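need coordinates for the following:
(4 chains)
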There are 4 protein chains.
Amino acid sequence: MNDQAANLQDFKDKVLSFAKERDWEQFHSPKNLSMAIAAEAAELMEHFLWQTPEQSRADLLDDTLRAKVEEEIADVLIFAIQFANMTGIDLSAAISAKMERNAEKYPVEKARGRSDKYTEL
Amino acid sequence: MNDQAANLQDFKDKVLSFAKERDWEQFHSPKNLSMAIAAEAAELMEHFLWQTPEQSRADLLDDTLRAKVEEEIADVLIFAIQFANMTGIDLSAAISAKMERNAEKYPVEKARGRSDKYTEL
Amino acid sequence: MNDQAANLQDFKDKVLSFAKERDWEQFHSPKNLSMAIAAEAAELMEHFLWQTPEQSRADLLDDTLRAKVEEEIADVLIFAIQFANMTGIDLSAAISAKMERNAEKYPVEKARGRSDKYTEL
Amino acid sequence: MNDQAANLQDFKDKVLSFAKERDWEQFHSPKNLSMAIAAEAAELMEHFLWQTPEQSRADLLDDTLRAKVEEEIADVLIFAIQFANMTGIDLSAAISAKMERNAEKYPVEKARGRSDKYTEL
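Next comes the predicted model:
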């Protein structure tokens, strides 16, 4: 399985089965899953607290850190996928719609090379 | 595009093009992207601060809230996808590997119906 | 030292000395400290991911959990205090000003018993 | 009121009265308050997503940003204070105890000028 072949629905099915087998849907309310996504995102972030942004690029060449970071980003995604399962959200449609909105908010000619929020452009 | 058809690599390509067109890769260090993922996850969570978990399930029947929530979860995923782009992580492989580890940490017979951390099982 | 006697300036001085002795001010930019506050807040939150709000009240009667939670909330405050040190913010003035604004945004007669955001009242 | 004069108990009393007047204690479980602290911490962090750490120091010379940042850090503290109210935690004791532990984990001679986690020192 790799990103060339992976189908988001396959992951949704696997994550849902995992939860169902353990009778965990009772814990997987939108509130609780949103907390879990945020908690895992914070664990990812913790690896980069004190580095400069440039150092954080270089740090990922280290295999030990890289393996940890892969686990953290996977955790974020697994809970996001289960959030979609429990709320009936189609992630692909949601991502596509948001990218269209982002393209409107950040037109290339205005946003190029700038990190300002769209309200400041 | 929907989750039956969506291929993670397609999204990676789209998100990367979006950033490249705007010359934003300079801002997209692992450190900065991990902050963005965490910030978007917190925005998702903010919709559920004061509700009970059960209320958060019911709340998502409301179309206005649902539309906002779809945008927030999309933002989390877009930044996670760009994190994978900038670090060369294969998300599908990372998710699959993590789910295998989770299956070991949370065997069905021990974890069924329990929300305890694996260290407590 | 307890909350009856504690003076915020004393804590600011202690936290600043701790950082200075270790030559850590170089790491304590507003960006990095804001990440540290968020990361510690997430660690606090992780103790309550799957509980109902009511369970989270009861859980704190357990001394082991309570000791962990005291450490996490202390970490949040220590980094917040150092954030104030490094930015020259007077926390007491900031808290007082924000509470006045909150009182305007959430008048008692409108907000009583309701968890809605002020924009919804 | 300023940090020279401020007594943490005074703030605890004010924050508790504010919540009581609005009958908000019902919403202020440890779980919910931990989410609120994390959400406010993320809002603080959002001001610094794309800046370098050095830029974030310079940015705070801007009065508009500074005013926003003061509000966000105040929000973090107000919810942390209410967390202490609802759980009976003495913040001053918790901070003092944690600083002692930190001094043990990060002895000056080992930690000077280094941002490594204590487990790496």
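
excluding its backbone neighbours, what's nearest A:R66?
A:L60 (5.5 Å; CB to CB, 6 or more residues apart in numbering or on different chains). Placement of C-beta: from N, CA and C, glycine included.

where's A:A58, which helix or strand?
helix A:53-59 (DSSP states H and E).

tell me how far whatever residue of chain A ends up closest to chain C lies from chain D.
Across chain A, no residue is closer to chain C than A:A42, which sits at 3.2 Å (CB to the nearest CB). To chain D, A:A42 is 8 Å away according to CB to the nearest CB, to the nearest Å.

is it true that that residue touches C:A38?
Yes: if you go by CB atoms under 8 Å, A:A42 and C:A38 touch, sitting 6.2 Å apart.

which elements pack onto the longest helix along chain A?
If you go by DSSP state H, chain A has its longest helix at helix A:63-87. The contact analysis (3 or more CB pairs under 8 Å, 6 or more residues apart in numbering or on different chains; DSSP states H and E) places helix A:63-87 against helix A:8-21, helix A:30-46, helix A:91-105, helix B:30-46, helix B:63-87, helix B:91-105.

residue ranges in chain A under the pLDDT threshold?
The model of chain A has pLDDT under 70 over residues A:1.

domains for chain A, by residue range?
Following automatic domain parsing, one gets these domains for chain A: A:8-89, A:90-121.

to B:K31, which of these lies closest?
Nearest of these to B:K31, taken as CB to CB: domain A:8-89 at 3.7 Å.

what is the end-to-end distance of that closest one?
12 Å (CA to CA, to the nearest Å).

ok, how many other residues are close to A:G88?
Neighbourhood size, A:G88 [other CB atoms under 10 Å in any protein chain shown]: 8.

measure it to A:A74 for me?
The gap separating A:G88 from A:A74 is 23 Å, by CB to CB, to the nearest Å.

also A:N2?
14 Å.

same deal with A:Y118?
30 Å.

not counting sequence-adjacent ones, nearest residue to the residue of chain A closest to chain C?
In space, A:A42 is closest to C:A42, 3.2 Å off (CB to CB, 6+ apart).

residues touching the one you found, list them.
When contacts are counted by CB atoms under 8 Å, 6 or more residues apart in numbering or on different chains, C:A42 touches A:A38, A:A39, A:A41, A:A42, A:E43, B:A38, D:A38.

output the set of residues of chain A in proximity to chain C.
Taking CB under 8 Å from any CB of the partner chain as the test, the list of chain A residues beside chain C reads A:27, A:32, A:35-36, A:38-39, A:41-43, A:45-46, A:48-50.

if we go to 7 Å?
Residues of chain A found near chain C (CB under 7 Å from any CB of the partner chain) are A:F27, A:N32, A:M35, A:A36, A:A38, A:A39, A:A42, A:M45, A:E46, A:L49, A:W50.

quick check, the fourth one in contact with C:W50.
Right, A:A36. No: if you go by CB atoms under 7 Å, A:A36 and C:W50 don't touch, sitting 8.3 Å apart.

neighbour-wise, which of those two wins?
Ranked by neighbour count (other CB under 10 Å), A:A36 and C:W50 place A:A36 first, with 25 against 21.

and stretch A:32-39, how far out from the chain middle?
Counting by CA atoms, centre = their mean, to the nearest Å, stretch A:32-39 is centred 11 Å from the centre of its parent chain.

touching, A:G113 and B:D23? I think so.
Yes: applying CB under 7 Å, one finds A:G113 in contact with B:D23, separated by 4.4 Å.

quick check on A:T52: phi, psi?
phi -70, psi 160 (degrees, to the nearest 10).

pretty sure it contacts D:T52?
Yes: with contact taken as CB under 7 Å, A:T52 and D:T52 are classed as touching, separated by 6.4 Å.

checking A:Q4 next. Helix, strand or coil?
Judged by DSSP: H, G, I helix; E, B strand; the rest coil, the three-state class of A:Q4 is coil.

what sits against it?
If a contact means CB atoms under 7 Å, 6 or more residues apart in numbering or on different chains, then A:Q4 has B:N7, B:Q9 as its contacts.

any figure for the gap between it and B:K12?
Taking CB to CB, one finds A:Q4 at 10 Å from B:K12.

do A:R112 as well
21 Å.

assess the claim that A:K110 and A:L121 are in contact.
Yes: with contact defined as CB under 7 Å, A:K110 and A:L121 form a contacting pair (4.7 Å).

secondary structure element for the residue of chain A most remote from its centre, which one?
Most distant from the centre of chain A: A:E109, at 27.6 Å, with distances by CA atoms, centre = their mean. Taking DSSP H and E as the criterion, A:E109 maps to helix A:108-111.

and that helix, is it in reach of chain B?
Yes: interface with chain B: helix A:108-111 contributes A:V108, A:A111 (CB under 7 Å from any CB).

give me whichever of the domains of chain A is most buried.
Mean neighbour count (mean count of other CB atoms under 10 Å in any protein chain shown) peaks for domain A:8-89 among these, with a mean of 20.

now that one: how far from the chain's centre is it?
Between the centre of domain A:8-89 and the centre of its chain there are 7 Å (CA atoms, centre = their mean).

could you do stretch A:101-119 as well?
With CA atoms, centre = their mean, you get 21 Å for stretch A:101-119.
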